[in-house]
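In: sequence first, predicted model second:
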Amino acid sequence: MELISSILDTKFPIKKYDEKECEKCDHIYTLYETPRGIIGACKHCIDQQLINELNVTTKEEREKRKERKFIAAFERVTEDLQEATIESYEPIEKSQIKAKKIATEYVASFDGIHSLIFSGNCGLGKSHLSFAITKALRQKGYKTLYIKVTDLFDHIKNTYKPDSKINDLQIFKMINGLDLLVLDDIGSEYVKANEYGHESWASDVLYKIFDMRLNKSIICSTNYSESMLTEKYGNNGQRIIDRMMDLSTAIRIEGESYRRKERF
Ligand SMILES: [Zn+2]
């Protein structure tokens, strides 16, 4: 009885012919002898070609990258914050433990609608947690921006200069399009008193931002209390606070300075 393999051999006369080193990548591949001639190709190179084809950026992807680059240009983070993660936040006091828990849950259940307010004295890790959330959500693919309010105001003011390459509308559009805006250190910006004792420009801009991000996530951090901020922003004060509080969880962080234990 004829062996099946020999029948197959007759029907499909494909024989191993030789081995060849790929000229492109030096991998060894097999050549086969067939009725149509010698065939064979480097599997490694074919796989690579497929990967490259899949990586060809679509117009949409290029736009996305451009947008992310535009956002990133506004982010300035101090060196001590660069490596901050939620995990690396070491709570001591009860309110810090709570803040860490809320931050963790916020990232896990992020919906693009709910907001957070971290308040409390300097050095308790408000910026740490705020930036850590920004990073964590960015890694999940969300468009996020962490920015100090003072920096944001500077960026907007810079667009009024004649040599500015961008205008303020582009900044507001960018802010509007974020999945999460993190405004660090609200209230720390310089406020020039007008005739009523309040600077209207800064509070107008802040209100505009909160208003355009109604039902869109914002994280605010501030050293100020609710009443102090209300007072600071004058006529816009109550409106700004109302917007800040909208769909927001507020956590007052208390305790010894978080940074203090790291000094010297
Ligand atoms: Zn190859």
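Out: Sure thing, it's come through.

In: helices or strands up against the helix or strand encompassing F118?
Out: Using DSSP states H and E, F118 sits within strand 115-120. With contacts taken as 3 or more C-beta pairs under 8 Å, 6 or more residues apart in numbering; DSSP states H and E, strand 115-120 sits against helix 94-108, helix 126-139, strand 217-222, helix 237-245, strand 248-253. Where you see a C-beta, it was placed from the backbone N, CA and C, and this is true even at glycine.

In: can you say which of these is packed in most?
Out: The highest mean neighbour count among these, using mean count of other C-beta atoms under 10 Å, belongs to strand 217-222: a mean of 25.

In: quick check: mean pLDDT across it?
Out: Strand 217-222 carries an average pLDDT of 96.

In: same check, this time on stretch 133-148
Out: 96.

In: for stretch 162-172, same thing?
Out: Averaging pLDDT along stretch 162-172 gives 94.

In: got it, and stretch 48-63?
Out: Regarding stretch 48-63, the rounded mean pLDDT is 80.

In: again, but for stretch 26-40
Out: So the average pLDDT for stretch 26-40 ends up being 90.

In: what's the answer for stretch 79-91, then?
Out: When pLDDT is averaged over stretch 79-91, the result is 92.

In: may I have stretch 221-239 as PDB, with CA atoms only?
Out: What follows is stretch 221-239, C-alpha atoms only, in PDB (Å, rounded to 0.1, in the frame of the first residue of the first chain):
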ATOM      1  CA  SER A 221      -7.000  72.700  43.600                       C
ATOM      2  CA  THR A 222      -6.900  75.700  45.800                       C
ATOM      3  CA  ASN A 223      -5.400  77.000  49.100                       C
ATOM      4  CA  TYR A 224      -8.500  79.100  49.500                       C
ATOM      5  CA  SER A 225     -11.800  78.400  51.100                       C
ATOM      6  CA  GLU A 226     -15.100  78.800  49.400                       C
ATOM      7  CA  SER A 227     -15.800  82.100  51.000                       C
ATOM      8  CA  MET A 228     -12.300  83.500  50.300                       C
ATOM      9  CA  LEU A 229     -12.600  82.600  46.600                       C
ATOM     10  CA  THR A 230     -16.100  84.000  46.400                       C
ATOM     11  CA  GLU A 231     -14.800  87.300  47.800                       C
ATOM     12  CA  LYS A 232     -11.700  87.300  45.600                       C
ATOM     13  CA  TYR A 233     -13.600  87.100  42.300                       C
ATOM     14  CA  GLY A 234     -16.000  89.800  43.100                       C
ATOM     15  CA  ASN A 235     -19.100  90.000  41.000                       C
ATOM     16  CA  ASN A 236     -18.200  86.700  39.300                       C
ATOM     17  CA  GLY A 237     -17.400  85.100  42.700                       C
ATOM     18  CA  GLN A 238     -20.700  83.300  43.400                       C
ATOM     19  CA  ARG A 239     -21.100  82.200  39.800                       C
END
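
In: pull the residues that contact it.
Out: 117-122, 126-127, 130, 182-188, 191, 194, 196-200, 202-204, 206-207, 240-241 (C-beta atoms under 8 Å, 6 or more residues apart in numbering).

In: PyMOL command to pick out the buried ones of those residues?
Out: Those of these that count as buried under 16 or more other C-beta atoms under 10 Å are selected in PyMOL with:
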select buried, resi 117+118+119+120+126+127+130+182+183+184+185+186+187+191+198+199+200+202+203+206+207+240+241
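
In: next one: stretch 156-169 to chain centre, how far?
Out: Centroid separation for stretch 156-169 versus its chain: 24 Å, with C-alpha atoms, centre = their mean, to the nearest Å.

In: make sure I have this right: I38 is in a strand.
Out: Yes. When classified by DSSP: H, G, I helix; E, B strand; the rest coil, I38 is found to be part of a strand.

In: can you name the residues of this structure that neighbour the ion?
Out: Residues of the chain lying close to the ion by C-beta under 5 Å from the ion are 22, 24-25, 27, 42, 44-45.

In: the residues you listed in helices, which ones?
Out: Cross-referencing these against helices under DSSP state H gives 44-45.

In: export the residues of the chain next to the ion to CSV and tack on neighbour count?
Out: Shown next, in CSV, are those (neighbours: other C-beta atoms under 10 Å):
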residue, neighbour count
C22, 14
K24, 9
C25, 11
H27, 12
C42, 20
H44, 15
C45, 15
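
In: I'm done for today, thanks for sticking with me.
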